[in-house]
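K.L.:
pasting the structure only:
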């Protein structure tokens, strides 16, 4: 993933987009079930659309996972920095 994607959306925004992709996938899946009795040409188009939705859903899930990981790493670094500052203050005081 590039830095633009990493920094452009918050974990909540990634979660929202993941849920939107999931709803889109469910909608297309329902259409697929309904339309599976139609002509082969329509079925091919619907299959392609469903595969695209599946790919988008997987990509969004990966972006959400990455955003969550980056947030956890930032929180860990922030905690480590605060701990180091507190330790340095204590050492300076004594």
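P.N.:
Great, that's in hand. Owing to the predicted nature of the structure, the values given are computational and were not obtained by experimental measurement.

K.L.:
For the rest of this, base every contact and every neighbour count on C-alpha atoms.
P.N.:
Noted.

K.L.:
need the longest helix for this protein.
P.N.:
Under DSSP state H, the helix in the chain containing the largest number of residues is helix 40-93.

K.L.:
Quick one: mean pLDDT for that one?
P.N.:
Mean pLDDT, helix 40-93: 90.

K.L.:
Packing partners of it?
P.N.:
In terms of contacts (3 or more Cα pairs under 8 Å, 6 or more residues apart in numbering; DSSP states H and E), helix 40-93 is packed against helix 3-8, helix 11-35.

K.L.:
Tell me which of the ones you listed approaches residue 53 most closely.
P.N.:
Each of those has some distance to residue 53 by Cα to Cα; the shortest is helix 11-35, at 5.5 Å.

K.L.:
angle of that closest one against helix 40-93?
P.N.:
160 degrees (axes from the mean of the first three to the mean of the last three Cα atoms, to 10 degrees).

K.L.:
Which residues outside helix 11-35 are in contact with it?
P.N.:
The contact list for helix 11-35 (Cα atoms under 8 Å, 6 or more residues apart in numbering) reads 42-43, 46-47, 49-50, 53-54, 56-57, 60-61, 63-64, 67-68, 71.

K.L.:
Could you do stretch 72-79 as well?
P.N.:
Counting by Cα under 8 Å, 6+ apart, no residue outside stretch 72-79 touches it.
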